[in-house]
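Chemist: Model the following, please.
(2 chains, ligands or ions: 2)
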Amino acid sequence: MTPSPGPVYTDHVDTVAIRAEGLEKRFGGTPALTGVDLAVEAGELVALLGPSGSGKTTLLRIVAGLERPTAGHVYFGGEDATFVPVQARRVGFVFQSYALFRHLDVGENVAYGLRVRPRHLRPSRADIRRRVSDLLDLVQLSGLDRRFPSQLSGGQRQRVALARALAVDPKVLLLDEPFGALDAKVRRDLRRWLRDLHDRTGHTTLFVTHDQDEALELSDRVAILNQGRIEQIGTPDEVYDRPASGFVAGFIGEAVRLPVDVADGIVTIGPHTLRNHTSSLSGPAALYVRPRDLVPADPHGGVPTRVAGVRRAGPARRAELLLADGLPTIEIELPADLTVARGEILHVQFRTLRLFPA
Amino acid sequence: MSDRATTEHAVLKSTDDASGVPSHGGRPVWPRPTIDEAPLTKAILVVLAVGFLALFIVLPLIAVFAEAFRRGLDHYLESFADPDTQAAIRLTLMVAAIAVPLNLVFGICAAWAIAKFDFHGKSLLITLIDLPFSVSPVVSGLVFVLLFGAQGLFGKWLAAHDLQIVFAVPGIVLATVFVTFPFVARELIPLMQEQGTSEEEAALTLGASGLRTFLTVTLPNVKWALLYGVLLCNARAMGEFGAVSVVSGHVRGLTNTMPLHVEILYNEYNFVAAFAVASILAGLALLTLMAKSVLEWRYGDALARTRLY
Ligand SMILES: Nc1ncnc2c1ncn2[C@@H]1O[C@H](COP(=O)(O)OP(=O)(O)OP(=O)(O)O)[C@@H](O)[C@H]1O
Ligand SMILES: [Mg+2]
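Modeler: Residues are numbered from 1 along each chain as shown, chains lettered A, B, ... in the order given. Ligands and ions are numbered 1, 2, ... in the order given. I've put the predicted structure just below:
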């Protein structure tokens, strides 16, 4: 599926944005969100990234108006929308499971939002038909308008759901794990396609994912959630290169967490010591190690490790290394010309030390 | 909670998406059974099943019609000239015409509340819905006598206000509503639970009002189950004997429904008339079954769609 430049159907250029302030949500006694602040600029594509149960869906549903916050406010373009009912918020919501109307065909699904408008706001039948066919062009499903949802593939359903949400010309687009139920190849295609669609239509978009590659590749900014809190908001580069907390450092970039001790510029990992230039911490701390943080070193310079295994990871080969018994194995991305075998000793050097309070 | 459910749905769906349900000309084709019995076993099973059906269901049904027409069509039709019989037919139709719409509304409300909301006492409500199925109809009837009879809980108050419930039409309607309550709700609850709330939520985000969402999303998604429930409810409402018998008082021409009238005629050795009225009830049952089969055959695709996707 190559995205083709198609017609653009929104005249949507005003500077609306989403702002959440001090959002709290409790289900019974258990908090699902605590003190969430979030601002999304007009036209921005922001990803909500976090582990399962971190509150991503809850936040999205509160923004949509499908759920009431226990405390806090939601603003749409400066207006307090906290108590505006969902129907009046003009959001395009794409559900995790698509939630297409099973008894309506594709064309009727897309037309639904226009048909339910009060008479004086409802476009004429001909206009609705035209708009539906334009939208189906946009999502590359022309000609499938007589099919029922049960007769579509997962990726096609996904795009129908998007077309249906776009039909009402929403102020913001909210997508809950839009590609969650699709296989890897379709995911990648749709990801590109969505980015392209966003660039063309310019909708302010908030989308939920638990796939960090998806978040980093697709979004302008990423908000990382953990246990109902936002740990960090920033561009993909910022969150990847400068994680603001131990959680983010551990969540992004396949990092392994090592318990260490820091004192007077010296980091102690089990029997090994490293010089620390980056952090002013002292006492017990956590060191997060990504595969690319390590480089092989000559036997006199680096830290000796034992190779516990070698495996393929996409284009690269990785070795699992053991610093000392009892510590978790860390990974190194091997240069193409280096071969190591299990049981060998490999000396490594740390390019950076990502230290956070334990 | 709803989100959890939809997540599971999505996962389930993605696995069967690739193949979908195998279909042939739009109608689902089910896989062959993997177990193939020996021909003899098969024959014995079939003979047993068919024989049982013939003995206990087809034969009595034929007997009803045979008995009704024993003395010819004239006698058969003459049976319906009796004003008491006509009154019984009218009363039965009227009771059904009140009970079925009431239970349609109650059933939808109960199913809606149970399937789409979480509240305290939900499991109690589910149990209560099943009560009319699990308790003997005679007991159901007695409950109304105990409540509204002359010696009953509200008996004095009713007498003081000159209201007659037991041994009158209101009692019959009440008993019938009680006995037929579960049919619609029972049909709807599992289907609605399976379908979840995400389609309704989608409609809301698209700007539809609550009522509109109900009419354009919830109702169409359950319409076949609803129709089926109404058919069963109606059949039972017209055929109910036990509960109605207790509260009716058997006043000929006034509080006699068709099933009660059949019994009276039969006890009076008026066999032709008894079976003539019975044949109407039997015919009604046959019609219900036919309507159900036609529904399933004609709208099998739409029916499958409401369940599978
Ligand atoms: N309706 C509800 N009733 C009770 N608890 C809920 C409800 N919805 C969510 N929760 C709880 O709130 C927390 C956050 O849930 P949420 O669905 O927002 O997580 P999520 O980040 O979207 O997770 P996932 O990636 O698995 O979809 C979880 O602990 C969940 O159990
Ligand atoms: Mg979620």
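Chemist: What's the end-to-end length of stretch A:262-275?
Modeler: 10 Å (C-alpha to C-alpha, to the nearest Å).
Chemist: in that stretch, what's buried?
Modeler: The neighbour-count check on stretch A:262-275 (16 or more other C-beta atoms under 10 Å in any protein chain shown) flags A:262, A:267, A:269-270, A:274 as buried. The C-beta positions use only the backbone N, C-alpha and C, and glycine is treated the same way.
Chemist: could you dump the residues you listed to JSON lines with pLDDT?
Modeler: Output for those, formatted as JSON lines (pLDDT from 0 to 100):
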{"residue": "A:Val262", "pLDDT": "89"}
{"residue": "A:Val267", "pLDDT": "89"}
{"residue": "A:Ile269", "pLDDT": "89"}
{"residue": "A:Gly270", "pLDDT": "86"}
{"residue": "A:Leu274", "pLDDT": "86"}
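Chemist: which helices and strands sit right next to the biggest helix by length in chain B?
Modeler: Across chain B, the longest stretch assigned as helix under DSSP state H is helix B:83-116. With contacts defined as 3 or more C-beta pairs under 8 Å, 6 or more residues apart in numbering or on different chains; DSSP states H and E, the packing partners of helix B:83-116 are helix B:122-134, helix B:169-180, helix B:182-195, helix B:219-239, helix B:258-267, helix B:271-298.
Chemist: returning to what we had before: quick check: helices, which of the buried residues of stretch A:262-275 are part of them?
Modeler: Among the buried residues of stretch A:262-275, no member falls in helices (DSSP H).
Chemist: between these, which is nearest chain B?
Modeler: A:Ile269 (39.1 Å; C-beta to the nearest C-beta).
Chemist: Setting aside sequence neighbours, what's the nearest residue to the closest one?
Modeler: The shortest distance from A:Ile269 to any non-neighbouring residue, by C-beta to C-beta, 6 or more residues apart in numbering or on different chains, is to A:Val260 (5.0 Å).
Chemist: and residue 241, how many neighbours does it have?
Modeler: Reading this off chain A. 12 (other C-beta atoms under 10 Å in any protein chain shown).
Chemist: Chain B, not that one
Modeler: Count around B:Phe241 with other C-beta under 10 Å applied: 19.
Chemist: re the thing from before, what's the angle between the longest helix of chain B and helix B:219-239?
Modeler: 150 degrees (axes from the mean of the first three to the mean of the last three C-alpha atoms, to 10 degrees).
Chemist: Ligand 1 versus the spatially most distant residue from the centre of chain A, what's the distance?
Modeler: The C-alpha centroid of chain A is most remote from A:His300, which lies 42.1 Å away (C-alpha atoms, centre = their mean). As for A:His300, its distance to ligand 1 is 47 Å (criterion: C-beta to the nearest ligand atom, to the nearest Å).
Chemist: and that residue, which of the three is it?
Modeler: Three-state call for A:His300 (DSSP: H, G, I helix; E, B strand; the rest coil): coil.
Chemist: Secondary structure class of B:Ala150, three-state.
Modeler: B:Ala150 ends up coil, using three-state DSSP.
Chemist: Now for it: which residues touch it?
Modeler: Counting by C-beta atoms under 8 Å, 6 or more residues apart in numbering or on different chains, B:Ala150 touches B:159, B:166.
Chemist: Now the residue nearest the centre of chain A. Its backbone dihedrals?
Modeler: Central residue of chain A (C-alpha atoms, centre = their mean): A:Ala215, 3.4 Å from the mean position. The phi/psi pair for A:Ala215 (degrees, to the nearest 10) reads phi -60, psi -40.
Chemist: B:Gly196: how many residues sit nearby?
Modeler: 19.
Chemist: Likewise for A:Ala39?
Modeler: 15.
Chemist: repeat for B:Leu59
Modeler: 11.
Chemist: And the host helix or strand of it, how far out from the chain middle?
Modeler: Per DSSP states H and E, B:Leu59 falls inside helix B:59-68. In terms of C-alpha atoms, centre = their mean, to the nearest Å, the centre of helix B:59-68 is found 24 Å from the chain centre.
Chemist: ok, which stretches of chain A are helices?
Modeler: A:56-64, A:106-115, A:125-138, A:154-167, A:184-201, A:212-218, A:236-241, A:246-251.
Chemist: Lowest average confidence across those helices, which one?
Modeler: Among the helices of chain A, helix A:184-201 has the lowest mean pLDDT, at a mean of 84.
Chemist: Mind listing what's buried along it?
Modeler: A:186-187, A:189-191, A:193-194, A:197-198, A:200-201.
Chemist: Could you confirm whether it reaches chain B?
Modeler: No. Helix A:184-201 stays clear of chain B (C-beta under 8 Å from any C-beta of the partner chain), getting no nearer than 10.1 Å.
Chemist: what angle separates that helix from helix A:125-138?
Modeler: Using the same axes, to 10 degrees: helix A:184-201 against helix A:125-138 is 130 degrees.
Chemist: quick one on the thing from earlier: quick one: average pLDDT of the helix holding B:Leu59?
Modeler: For helix B:59-68, the per-residue pLDDT averages 89.
Chemist: Contacts for that helix next, please.
Modeler: With C-beta under 8 Å, 6+ apart, helix B:59-68 has contacts from B:76, B:271-272, B:275-276, B:278-279, B:282, B:286.
Chemist: let's go with 6 Å and repeat that
Modeler: B:76, B:275-276, B:278-279, B:282 (C-beta atoms under 6 Å, 6 or more residues apart in numbering or on different chains).
Chemist: For residue 176, list the residues it contacts.
Modeler: No chain was given, so I picked chain A. A:Asp176 sits in contact with A:57, A:60, A:95-96, A:208, where contact means C-beta under 6 Å, 6+ apart.
Chemist: please go with chain B instead
Modeler: B:95, B:99, B:237, B:240.
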